[in-house]
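Participant: predicted model follows, preceded by the sequence.
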2 protein chains.
Amino acid sequence: MTGKPLINADRLWTRLMALAEIGATPAGGVNRQALSDGEIAAWRRAIGWAREAGSTPSTDAAGNLFLTLAGRDRAAPPLLLGSHLDSQPTGGKFDGAAGVMAALEAVVSLAGQGDKPARDIVVVAWMNEEGSRFAPGMMGSEAFTGERDMDAIRAARDADGVSVGEALDRLHQAFPDMPRRSLGFAPGAYLELHIEQGPLLEAAGCTIGVVTGIQGKKTFQVVLEGAEGHAGTLAQQERRDALAAFARMATALHSEIGTIDADIKFTIGRIAVVPNAPSVVPSRVSFSIDLRHPDNAVLDAAGARINTLCREKAPPCSVTVTPLVDAPSNVFDSRLRASIAKAAREQGHPAMDILSAAGHDARHLAKICPAAMIFIPCRDGVSHVEHEWAEPDHVAAGASVLAQVLRELAYPPAAGA
Amino acid sequence: MTGKPLINADRLWTRLMALAEIGATPAGGVNRQALSDGEIAAWRRAIGWAREAGSTPSTDAAGNLFLTLAGRDRAAPPLLLGSHLDSQPTGGKFDGAAGVMAALEAVVSLAGQGDKPARDIVVVAWMNEEGSRFAPGMMGSEAFTGERDMDAIRAARDADGVSVGEALDRLHQAFPDMPRRSLGFAPGAYLELHIEQGPLLEAAGCTIGVVTGIQGKKTFQVVLEGAEGHAGTLAQQERRDALAAFARMATALHSEIGTIDADIKFTIGRIAVVPNAPSVVPSRVSFSIDLRHPDNAVLDAAGARINTLCREKAPPCSVTVTPLVDAPSNVFDSRLRASIAKAAREQGHPAMDILSAAGHDARHLAKICPAAMIFIPCRDGVSHVEHEWAEPDHVAAGASVLAQVLRELAYPPAAGA
C-alpha cells in the first residue's frame, strides 16, 4: 500500500472548517455546548453529509446521534466510530469535531467504493462529552453503556436552570421524523480519532498516536474541621488551625504521593477556607485531590495511602475524605491497536504508542466491545482554547488510518482465504 | 480610702444601656458603625450628658468628638480620656462604649465635687476605631497623632461606595454650630478603659487589668507565582505548582515561626488560589500573614525570618512578600500603671498586669503622651459578638479606678506639700 490517502483530504478539511463556523467565536474558536442551538445545527450539517453516502440518521433517549450505513448482515453487531460535536465555551475547532468528521469521511469514502460492508457501520456523535454546560461530561456514552441512569442525567441543570431533560426534549423536537432507537446496543468494535491534547506526538515528530489506554483517575474531596480563633489572642498551642493542618497534609501528600513514579499525576487544585479572614484562625478547609496513573494497582494503592495520610496529618483537626470519581485505567484492544499501527506504517505515517492522559468516550465503550483510539498532534499540545490547532495533513493522515482499519473490519477476509 | 466607688454606678450603667439602644440589634447587640446615623445619635446623647457636667463639645477634621471640662489653667496640656462609640456590624454593648461612658462618668462625678480641675479634662470618642465600615480602623487616633494623612483617610470608601470624606462632611453638617478645633494637640496624659476581649481576667478572678502594653503586630501579603497546567497531562517534575509551594512554605513557617516561644502568635488566615479548579495545577496563590509578639526584638527577628523562609521555600515558583502593618509593641507609662494599680488596691478590686493582644487607640496616643489602659473582664472572653457582656459591678469598678487616677492627675498635690 502507498502513502495515498484512503479518504478525500480536501473534502474532509473543507467540511471540518464548515462545521467550525457553527458556534464560531471572534477569536477563532468554537462555542458549541451540549444540546445548544449550535449543536442542533451541527447535527443537521452532519446528517446532510451522511445522507450523501447513503447513511441514515437515528437517535436515542440520551441524545446521541447515529449515522448508519447499512451492511449485508444487518443483525451482526455494527462497527461504531465517532466522537462528539459539543465543545467547551471557549473551545477549538478540533476537539471532538475532528473525530466525528474523520469517521464520516472514512464512511463516505468507503461507501463510494460501491461494495456493501459486511455489517452496519455507524458514525456516532456522543451527547455532552465536555461537561461544561451540564456536569459531569460523557453523559451520552455513559448512558449508552449503562453506566449512568437516564433519570439522573435528565435531572442535571445548566447555569440558567435548564435541565438536560428539557434540553434533550428540545433536541428531539427539532428532529421530529428521526427514528429513535432503544438506548444501547452491542457494537462489534469502537474506534475514535481525537487530537492528543498534549505535546508528546509533536515533540516526537509523530503523526499518529496509537493510544494504549486512558490513565485511571480518582478524585477526592477532603474537609478539615478545626476551630475559629482570634489571631491576636489565641495561644499557638491551643489552636486547631485548619489551614495549618492543610499545609502539613498537602506537603506530606505531595512529597509521598507525587513522587511514586514518573507516571503519577497528583494535583490539589481547589481549596476553600472558612472564614478566610487575615486575623482569624481558620476553622475549616475543604480541598480537591485529582490523582491519575495508568496502572490500576498503583492508582488503588495511592488512593488508599491518601486516605491514611490525610488521617495521620489531620490532628488536632478532624478530617473527612470523600471519594468522588473512581475511573480505573483501561487498556485498549490489542488487535485494534495492531491494526492502527499497521495502517500507519503502510501509509508511511510516523507513529508511536501513547497513553491518553485525558478521558474520552472510548473509555466507556471499551467496557462493552473492543475499542481503540487514534491520536493526531495538536499545536503546542494545547486544547480547550480558541487557538487549538491541528494541521490539515495530520487530520487527513489520521482519517486515512481510521479508514484503513475500518475497511479491514468491514470487509474481513473470507475464512480460510 | 474605702471600697465606696468614686462614681455613680447606677447612673453609669443606666446611661451605658441607654446608649446601647442606639443601633440595637434583635439579638441584643449593637450595629453602630463609624459615621453612621447611629453614631451621630450616640454623639447627641453623649453631648447631652456632658453638658450636665459643664463640659462643651468640639470636633476636628477627623471626626473625633471632644467633650471638654475647663480647668483653671486652660493653657496646660489637657488630660485626655475615652475610647470609641463605633461598633462592629454585629458588635456588643461594651466594646468602645464602656470606655467613653466610664470616662464621661468619671468627669461628671468629678465636676459634681465643685472644685475646678487644675487643667482641662477632655473626654474623647475616636472616629472609626473598628475599621469594619471603612478600613483600616483607628483612623481618628491616627489622624490625631499625625500618623495618617487626612487625604488618604477621606479617600477610603465603604462597601456602598461612600467615602470617609463624604461621611465626615455629613457628620459635621449634623452639628453645624459645634466648634472645630485644629487636628491634634499635646495631651498631658491619655487614659482608656476597655473590656479585655480575652479570657485572662475572668480566669484569674480579677476585676481590674493594669495593661502593660499592646503586643506588636506585623502583617504581610505573600504572592506565589507558578504556572498553570493540566492535572492529567503535565508531568509532576515539570510543574510549578503555586499551592504545593504554599503548603511547603506554610508548613515551614508554622513549624519555625509558630514555635518561637509561648508569646508568639502566627496566623495564615486568608488564601486565594488561581484558577482554583480541581483539574488545573494552581498558577497563583496569595495569602496573608499575621504575626504578633510583645517583644519588638522578637517581632523584628521573626519578621525578617519570614521573609527569608518564604524565599527559601518558593522555588520553583517565584515569590513576593509585601509588608503591610508594622506596629511595634508599646509599653504603657509606668507612673500611670502604678496609679491604676494603687487605685485598684485602695478600692479593694483584685487586679493584675495584663498585655493587650488586640490593638486600641491608646497605642497611638502613647506615642505623643504618657498613656495607659484599664481592662475589665468580659464574659467568656468574647467580644465582637452580639452577646458580648460585662458585669455592672465590673464596669463600675473600672470607672471608679479611672476616676481615682483622673482625680490624682486633675488635683496634683501642691509642690512641697
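Facilitator: Here it is on my side, so go on.
Participant: thinking residue A:54 is in contact with residue A:111, fair?
Facilitator: Yes. Assessed by CB atoms under 8 Å, residue A:54 is found in contact with residue A:111 at 5.7 Å. From N, CA and C alone the C-beta is placed, and that goes for glycine too.
Participant: for the stretch 301-417 of chain A, give me the ranges with low pLDDT.
Facilitator: For the stretch 301-417 of chain A, the stretches flagged by pLDDT under 70 are A:414-417.
Participant: got the residues of it near chain B?
Facilitator: A:357, A:358, A:359, A:381 (CB under 8 Å from any CB of the partner chain).
Participant: which one of those residues is nearest chain B?
Facilitator: residue A:357 (4.0 Å; CB to the nearest CB).
Participant: tell me what the helix or strand of chain A with the lowest mean pLDDT is packed against?
Facilitator: Least confident element among the helices and strands of chain A, by mean pLDDT, DSSP states H and E: strand A:229-230 (a mean of 80). Strand A:229-230 sits against strand A:280-281, with contacts defined as 3 or more CB pairs under 8 Å, 6 or more residues apart in numbering or on different chains; DSSP states H and E.
Participant: check whether the strand it packs on contacts chain B.
Facilitator: Yes. For strand A:280-281, a contact with chain B is found by CB under 8 Å from any CB, at A:280, A:281.
Participant: show me what that strand is in contact with.
Facilitator: If you take CB atoms under 8 Å, 6 or more residues apart in numbering or on different chains as the criterion, strand A:280-281 is touched by A:226, A:227, A:228, A:229, A:230, A:231, A:234, A:239, A:240, A:241, B:267, B:269.
Participant: okay, the residues of the stretch 301-417 of chain A next to chain B in JSON lines with secondary structure next?
Facilitator: Output for those, formatted as JSON lines (DSSP: H, G, I helix; E, B strand; the rest coil):
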{"residue": "A:357", "secondary structure": "coil"}
{"residue": "A:358", "secondary structure": "coil"}
{"residue": "A:359", "secondary structure": "coil"}
{"residue": "A:381", "secondary structure": "helix"}
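Participant: dump the contacts of strand A:280-281 to TSV, plus distance to residue B:167 and neighbour count.
Facilitator: Output for the contacts of strand A:280-281, formatted as TSV (distance: CB to CB, whole Å; neighbours: other CB atoms under 10 Å in any protein chain shown):
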residue	distance to residue B:167	neighbour count
A:226	38	23
A:227	36	16
A:228	31	18
A:229	32	20
A:230	28	19
A:231	28	26
A:234	33	22
A:239	37	24
A:240	39	20
A:241	36	29
B:267	31	29
B:269	28	23
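Participant: what's the closest of those to residue B:322?
Facilitator: Within the contacts of strand A:280-281, the smallest distance to residue B:322 is 16.0 Å, found for residue B:269 (CB to CB).
Participant: quick one, grab the pLDDT at the residue of the stretch 1-150 of chain A found nearest chain B.
Facilitator: In the stretch 1-150 of chain A, the residue that lies nearest chain B is residue A:131 (10.8 Å; CB to the nearest CB). If you check residue A:131, the pLDDT there is 86.
Participant: residues near it, how many?
Facilitator: 17 (other CB atoms under 10 Å in any protein chain shown).
Participant: so residue A:108 sits against residue A:52, correct?
Facilitator: Yes. The pair residue A:108 / residue A:52 is scored as a contact, 6.6 Å apart, by CB under 8 Å.
Participant: neighbour count: those two, which is higher?
Facilitator: It is residue A:108, of residue A:108 and residue A:52, that has more neighbours when counted by other CB under 10 Å, with 23 against 11.
Participant: roughly how far apart are the residue nearest to the more buried one when sequence neighbours are not counted and residue A:104?
Facilitator: Nearest non-adjacent residue to residue A:108, counting by CB to CB, 6 or more residues apart in numbering or on different chains: residue A:53, 4.1 Å away. Residue A:53 sits at a distance of 8 Å from residue A:104 (criterion: CB to CB, to the nearest Å).
Participant: cool, residue A:211 as well?
Facilitator: Counting by CB to CB - residue A:211 and residue A:104 are separated by 20 Å.
Participant: one more: residue A:30?
Facilitator: In terms of CB to CB, residue A:30 sits 17 Å off from residue A:104.
Participant: ends of stretch A:366-375, what's the gap?
Facilitator: Terminal residues of stretch A:366-375 are spaced 16 Å apart (CA to CA, to the nearest Å).
Participant: quick one: residues contacting residue A:184.
Facilitator: Taking CB under 8 Å, 6+ apart as the test, what residue A:184 contacts is A:60, A:143, A:144, A:145, A:146.
Participant: in helices only, show me the residues you listed.
Facilitator: A:143, A:144 (DSSP state H).
Participant: using JSON lines, lay out the contacts of residue A:184 together with distance to chain B, neighbour count and pLDDT.
Facilitator: Listed next are these as JSON lines, based on distance: CB to the nearest CB, whole Å; neighbours: other CB atoms under 10 Å in any protein chain shown; pLDDT from 0 to 100:
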{"residue": "A:60", "distance to chain B": "29", "neighbour count": "22", "pLDDT": "98"}
{"residue": "A:143", "distance to chain B": "23", "neighbour count": "26", "pLDDT": "98"}
{"residue": "A:144", "distance to chain B": "23", "neighbour count": "26", "pLDDT": "98"}
{"residue": "A:145", "distance to chain B": "21", "neighbour count": "19", "pLDDT": "97"}
{"residue": "A:146", "distance to chain B": "25", "neighbour count": "12", "pLDDT": "95"}
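Participant: between the contacts of residue A:184, which sits nearest residue B:200?
Facilitator: When these are compared for distance to residue B:200 (CB to CB), residue A:143 wins out at 63.5 Å.
Participant: how about the closest one, nearest residue that isn't a chain neighbour?
Facilitator: Using CB to CB, 6+ apart, the closest residue to residue A:143 is residue A:62 (3.7 Å).
Participant: surely the one you found and residue A:150 touch.
Facilitator: Yes. Residue A:62 lies in contact with residue A:150 (CB under 8 Å); the separation is 6.7 Å.
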